[in-house]
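>>> Build me a model from this:
(2 chains)
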Amino acid sequence: MSKGLPSRSEDYSLWYNELVKRAGLAENSPVRGCMVIKPYGFAIWEKMQQTLDKMFKDTGHSNAYFPLFIPKSFFSKEADHVEGFAKECAVVTHYRLKNDEENGGVTVDPEAKLEEELIVRPTSETVIWDSYKNWIQSYRDLPLLINQWANVVRWEMRTRLFLRTAEFLWQEGHTAHATKDEAIKETEQMLEVYGDFVENFMAVPVIKGTKTENERFAGAVETYCIEAMMQDGRALQAGTSHFLGQNFAKAFDVKFATKEGKEEFVWGTSWGVSTRLMGALIMAHSDDQGLVLPPNLAPTQVVIVPIYKRDEELANISEAAKEIIDGLKAKGISVQFDDRDTHKPGWKFAEYELKGVPVRIAIGPRDMENGTVEVARRDTKEKQTVNRDAVVDHIGSLLDVMQKSIFEKAATFRNENTHTVDTYEEFKEILETRPGFIYAHWDGTSETEEKIKTETKATIRCIPLNSSPEEGKCIYSGKPSKQRVLFAKAY
RNA sequence: CGGGGCGUAGCACAGUCCGGUUAGUGUACCUGGUUUGGGACCAGGGGGUCGCAGGUUCGAAUCCUGCCGCCCCGACCA
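Here you go, the predicted structure:
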């Protein structure tokens, strides 16, 4: 492990790339655009999965699994949907290889061409709605509340670890309802679940809103989203929840008999978060020393490093550590005792900082004499000496304090980098000098949105849900506007 | 697909312009010893088809031609 990470101020994206690799989260794979998620990175993803999965179950959803491959014909049934995804689909055309007589190795067997080509799912609406047609007949079958954990493929031109890869992991919820109102409530509920998760577990503050027509999910009537700010001031979409109306029900002929005996199309939703959240987690909190993980998502919350010269010193320290470990485990805190003699304490300190372990306890001969330990918190790098018999309680509350403090720091940063402007000149000046979120009036047209994007690279991240109506003039066209929208450069 | 850059040890790079001992440095790795409260030190050691294929030459990491791969900037996107 070589020393020193590139600094955020010098080169933010180099800092991100190096951090992901050096902290052991992920690396590039031999397959262009695809990543290898390494054990430590996957452990964090698993914590996210466990937490979200429980939240989905608590709101009445069940997990299921649908195929990786989607018949091409399914895909074309919903016009907007196919248009949105067509340009980035991987397609399976053959089902067999054969020995290559001329060049050696293997080659695609031209005899083994599929009659109907298969799309590698970029999302599963079509294959799932095809099943729903058979699952739903009556109002008694509704609502149908399904989630799946899966991988999907979108053939991206340019990729970055976690933020944009050709294959990524995610969850996709797909629900069907008897009424429009209920489907909208579901869409909004899942947005709330995502907001709750991202703010309270990832410690990243979010803005909730709806997407403009340009940014809407292909096939949705309305797309809700949560937007987070990274430390370079750019926005990252952390989750989306779509109200699908009856679009997919009509495309796949999913009807149900109402109580009154009438036949009606069902109303749908879909919602998802992906391994992209890993990117958000990293970019929201980490510093030039490495990762900063909020305690609620850290695979290891506490690490204990012994400092010793002689073996009997280590034995004494281990005994003291054992007590602390038992106490922490009893509180449900994950703890690791690193008594490897292959690395020096200083090396370990740097290593655990790189990996973002929230709390480090050091115990040395001096502590053994005084009945104390040294407690260091990762987020602020503060160190303090704590009596050994008080350390378990101390850490119990420290983790809570850190979780809140990491969120507060991110929230303060976001607020300081959020601007409200009334002129296009101001708008451009801010984007050039101090990037961040910008609230501005917009005339509601795609043309204006498109022009601003071309001229400044900033896009409308969302139309905020909780902002109050306010009369104003569009910063670009001068036409009347009833509400400010959120602009930013986005990942 | 356009424009730029780069392929030399696990990783990061020097050497290439101007061809010439045995291809080098840092780091990582292995062995031994001394160390251990912020990435230890000393000594010894292993590891290379210099991206691939041709060509020029007495001689190629170095010059020429072709190909492949990767990265960055654009067009496209979660």
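>>> Just name whatever secondary elements the least confident helix or strand in chain A by mean pLDDT is in contact with.
Ranking every helix and strand in chain A by mean pLDDT, DSSP states H and E puts strand A:106-108 at the bottom, with a mean of 81. Strand A:106-108 sits against strand A:97-99, with contacts defined as 3 or more C-beta pairs under 8 Å, 6 or more residues apart in numbering; DSSP states H and E. Every C-beta, even on glycine, is put in place using the N, C-alpha and C of the backbone.
>>> So which residues of the stretch 51-200 of chain A form strands?
A:62-63, A:69-71, A:91-94, A:97-99, A:106-108, A:113-120, A:144-153, A:167-177 (DSSP state E, counting those that start in this stretch).
>>> do you know which of the ones you listed lies nearest RNA strand B?
Checking those against RNA strand B by C-beta to the nearest atom of the strand gives strand A:167-177 as the closest, at 4.3 Å.
>>> State the mean pLDDT of that closest one.
Summarised as a single mean, pLDDT over strand A:167-177 is 96.
>>> Residue A:317: what's it in contact with?
Neighbour list for residue A:317: A:306-308, A:363-364, A:368 [criterion: C-beta atoms under 8 Å, 6 or more residues apart in numbering].
>>> Report the entries of those that also contact RNA strand B.
The subset of the contacts of residue A:317 within reach of RNA strand B, by C-beta under 7 Å from any atom of the strand, is A:307-308, A:363-364, A:368.
>>> can you tell me which of the residues you listed are in strands?
Mapping these onto strands (DSSP state E) picks out residue A:363.
>>> List the buried residues in the helix or strand containing residue A:45.
According to DSSP states H and E, residue A:45 maps onto helix A:39-58. Residues A:40-45, A:47-48, A:51-52, A:55-56 are the ones in helix A:39-58 that count as buried (16 or more other C-beta atoms under 10 Å).
>>> now, the most widely separated pair of those?
By the measure C-beta to C-beta, A:40 and A:56 form the most distant pair in those, at 25.0 Å.
>>> Redo the strands of the stretch 51-200 of chain A as TSV? Include mean neighbour count.
Formatted as TSV, the strands of the stretch 51-200 of chain A follow (neighbours: other C-beta atoms under 10 Å):
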stretch	mean neighbour count
strand A:62-63	12
strand A:69-71	18
strand A:91-94	12
strand A:97-99	11
strand A:106-108	13
strand A:113-120	14
strand A:144-153	18
strand A:167-177	22
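>>> If the residue lying closest to residue A:123 once chain neighbours are set aside is in a bridge, with which residues?
Nearest residue to residue A:123, sequence neighbours excluded (C-beta to C-beta, 6 or more residues apart in numbering): residue A:152, at 6.0 Å. Taking DSSP bridges, one finds residue A:168 as the beta-bridge partners of residue A:152.
>>> Tell me the secondary structure at residue A:432.
helix (DSSP: H, G, I helix; E, B strand; the rest coil).
>>> ok, it to residue A:413 distance?
Shown here: residue A:432 relative to residue A:413, a distance of 20 Å by C-beta to C-beta, to the nearest Å.
>>> now do residue A:16
Residue A:16 is 16 Å from residue A:413, by C-beta to C-beta.
>>> quick one: residue A:36 is in a strand?
Yes. Counting by three-state DSSP, residue A:36 is found in a strand.
>>> Kindly report the residues of the stretch 351-491 of chain A close to RNA strand B.
Taking C-beta under 7 Å from any atom of the strand as the contact definition, the stretch 351-491 of chain A meets RNA strand B at A:351, A:353-354, A:362-368, A:374, A:376, A:381, A:383, A:491.
>>> Quick check, the residue in the stretch 151-300 of chain A closest to RNA strand B?
Nearest residue of the stretch 151-300 of chain A to RNA strand B, counting by C-beta to the nearest atom of the strand: residue A:157, 3.6 Å away.
>>> OK, contacts around the closest residue to residue A:356 other than its chain neighbours?
Using C-beta to C-beta, 6+ apart and skipping the chain neighbours, the partner closest in space to residue A:356 is residue A:291 (2.9 Å). Residues counted as contacts of residue A:291 (C-beta under 8 Å, 6+ apart) are A:19, A:23, A:25, A:282, A:285, A:354-356.
>>> One more pass at 6 Å, please.
Contacts for residue A:291 (C-beta atoms under 6 Å, 6 or more residues apart in numbering) come out as A:23, A:355-356.
>>> Which helix or strand contains the nearest residue to residue A:172 once chain neighbours are set aside?
If the residues on either side of it in the chain are set aside, residue A:172 comes closest to residue A:272, at 4.5 Å by C-beta to C-beta, 6+ apart. Assessed by DSSP H and E, residue A:272 sits inside strand A:267-274.
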